[in-house]
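In: sequence unknown, structure follows:
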């Protein structure tokens, strides 16, 4: 078995020199990259970086949208013995400055001149000694840097002079050497650089690959950012398991790309499934009454069949016959919309609402939820194909141990656990603690483990709400219930140090406008819609319905509809699409105050 990512790449590519490794859309057509070409480009990047003076342990930053060049540059950096420092293409400018300065990056790869223009202020804040050399995938940024093509040429020239150098550089890297420093954006404070070694990632890749049950016949569509450890590790898994990787043009084109590619595997975040279901509901709301009744009947029947499948119960013959008929009328169209060949979706990055998982399973589209963190390289647990249990994050992968601390926090142990936070020994010591049976990583997540080893996350430890009456509330399960309402786009539950919890909801406005028309509310103005009494009443009734089984102190007493989406640019979301709760609460403080009595604490 390979001990480093360099060995993993070499072993993977040498057995697939004539196979298609990558595929991407260029000039309105899909272009393939064969194994021999990928190997040659990666090695040329390694040698080109060496020619520039990059040596073992040096940090090299990579700021680009996801594309084949991202992966090839990543592998080239590792081949040179350097440390890859990925930066999100949507990262805030001040954070880009911080990451470049904190990591001491010697080189910065950029995708385009447009991306350079966005982050140029961040680079300008660095002094001459801190400023990295720039290399562009496309062009040279009007002379401010060099091109990837020039790097290829320099690498090929060096190969001609020293034909064995590329192998010497790759083999000098040891299992415990740093492979990457990934700065977690976090929901508060400055980014922390997670140090992951080759061993951390390689052991995670091999164990996860076994669990995923991937085959060389699989075709994967990749659209999540490679700057996030989840999708980057998934790419390594695909390489190791012989899966062909197709890069989507972007998040906005996923629906079109998935129909063209017809993948068998797609990794995604819950947001994608919420959007797919929201789009379907919008179309249904505009359909004829009979079609609407058939659709809603299909959802009810599919959900019941999915629940029985998930719980291992038998499906009565009348229900099975209904499902078969409704599948032909409704769900075959869903499957065709995602290419018609999906074996399963993999969901990570956030909690997947169980209701959504049941609906998709009933439509013949299984979603397997997993769990991980940047600090764990990232996979901790995963629902296996054929052993899926909705509402859980599956069982721990081989080589990883998970247990529950006395306060309910999940602890993780294994070779996948990070070395620590770069330059932050105190923060590292807070989460990496040595006990009698070794080192354990404290995840900050609250959860449970059942007798079969299936893990459930109930909330983030720091997100728990304590009301002014001393009652604790876990907001995420409540938010997951509310997100299952078709016209809900985003939601956050508020209530810390208050008498009761409330919810801020961002509606799915396309669907809401169609619904408003059915009520003879003839406006498309968001400000007017979110304040219309009948619209607010509709959402409150839906919230009451989906939360009716909650304890009295957990029930949402009031709601407010927001007219603007939570976004990265707006500051409400991190680059990994996690909600910055404190920021949202501060930004919408005036609205929140209207939901509480003026003297509520008296």
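Out: Structure's in. What do you need? All figures in this text were calculated on a predicted structure; none of them were measured in a lab.

In: Hmm, residue 465 and residue 495 touching each other?
Out: Yes: between residue 495 and residue 465 there is a contact under Cβ atoms under 8 Å: 4.7 Å. Placement of C-beta: from N, CA and C, glycine included.

In: what about the two, which has more around it?
Out: residue 495 (25 against 20; other Cβ atoms under 10 Å).

In: Report all helices and strands that the host helix or strand of residue 444 contacts.
Out: Element membership for residue 444, per DSSP states H and E: strand 438-449. Identification of packing neighbours for strand 438-449 by 3 or more Cβ pairs under 8 Å, 6 or more residues apart in numbering; DSSP states H and E yields strand 400-404, strand 409-414, helix 425-431, strand 432-435, strand 455-460.

In: Report the strands that pair with the fourth one, each with its relative direction.
Out: For strand 432-435, the paired strands and their directions (DSSP bridges) are strand 438-449 (antiparallel).

In: what's the angle from the strand it pairs with to strand 455-460?
Out: Angle, strand 438-449 to strand 455-460, by axes from the mean of the first three to the mean of the last three Cα atoms, to 10 degrees: 90 degrees.

In: from the middle of its chain, how far away would strand 438-449 be?
Out: Centroid separation for strand 438-449 versus its chain: 20 Å, with Cα atoms, centre = their mean, to the nearest Å.

In: Could you tell me which residues within that strand count as buried?
Out: Using 16 or more other Cβ atoms under 10 Å as the test for burial, strand 438-449 gives 440-447, 449.

In: just stretch 281-297 next, same as before
Out: For stretch 281-297, by 16+ other Cβ under 10 Å, it's 281-282, 284-285, 294-295.

In: which intervals of the stretch 401-550 of the chain have sub-threshold pLDDT?
Out: Applying pLDDT under 70 to the stretch 401-550 of the chain picks out no residues at all.

In: so which helix or strand takes in residue 194?
Out: Short version, using DSSP H and E: residue 194 is in strand 192-197.

In: List of residues touching the following helix or strand past that strand?
Out: Counting by DSSP H and E, the next helix or strand C-terminal to strand 192-197 is helix 198-212. By Cβ atoms under 8 Å, 6 or more residues apart in numbering, the list of residues contacting helix 198-212 from outside reads 1-8, 78, 173-177, 179-180, 233, 236-237, 240-241, 265, 346, 376-379, 382, 384-385, 397-400, 414-419.

In: Show me the strands in the stretch 251-400 of the chain, by range?
Out: 265-268, 344-347, 367-372, 379-382, 395-396, 400-404 (DSSP state E, counting those that start in this stretch).

In: so which of the ones you listed gets nearest residue 585?
Out: strand 367-372 (26.1 Å; Cβ to Cβ).

In: Rounded mean pLDDT for that closest one, please.
Out: Averaged over strand 367-372, pLDDT sits at 96.

In: Can you spell out which helices and strands pack onto it?
Out: strand 344-347, helix 354-362, strand 379-382.

In: so can I have TSV of these showing mean neighbour count?
Out: Shown next, in TSV, are those (neighbours: other Cβ atoms under 10 Å):
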stretch	mean neighbour count
strand 344-347	22
helix 354-362	22
strand 379-382	27
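
In: wait, which of those is closest to residue 161?
Out: Nearest of the helices and strands packed on strand 367-372 (Cβ to Cβ): strand 379-382, 41.3 Å.

In: chain center to that closest one: distance?
Out: 14 Å.

In: contact partners of it?
Out: 204, 207-208, 211-212, 233, 346, 368-373, 393-397, 400, 402, 412, 416, 443, 455.

In: Can you turn the buried part of the residues you listed into a PyMOL selection?
Out: Applying 16+ other Cβ under 10 Å to the contacts of strand 379-382, the buried members can be selected in PyMOL as follows:
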select buried, resi 204+207+208+211+212+233+346+368+369+370+371+372+373+393+394+395+396+397+400+402+412+416+443+455
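
In: any low-confidence regions in this protein?
Out: Looking at the chain by pLDDT under 70, you get 185-189, 598-602.
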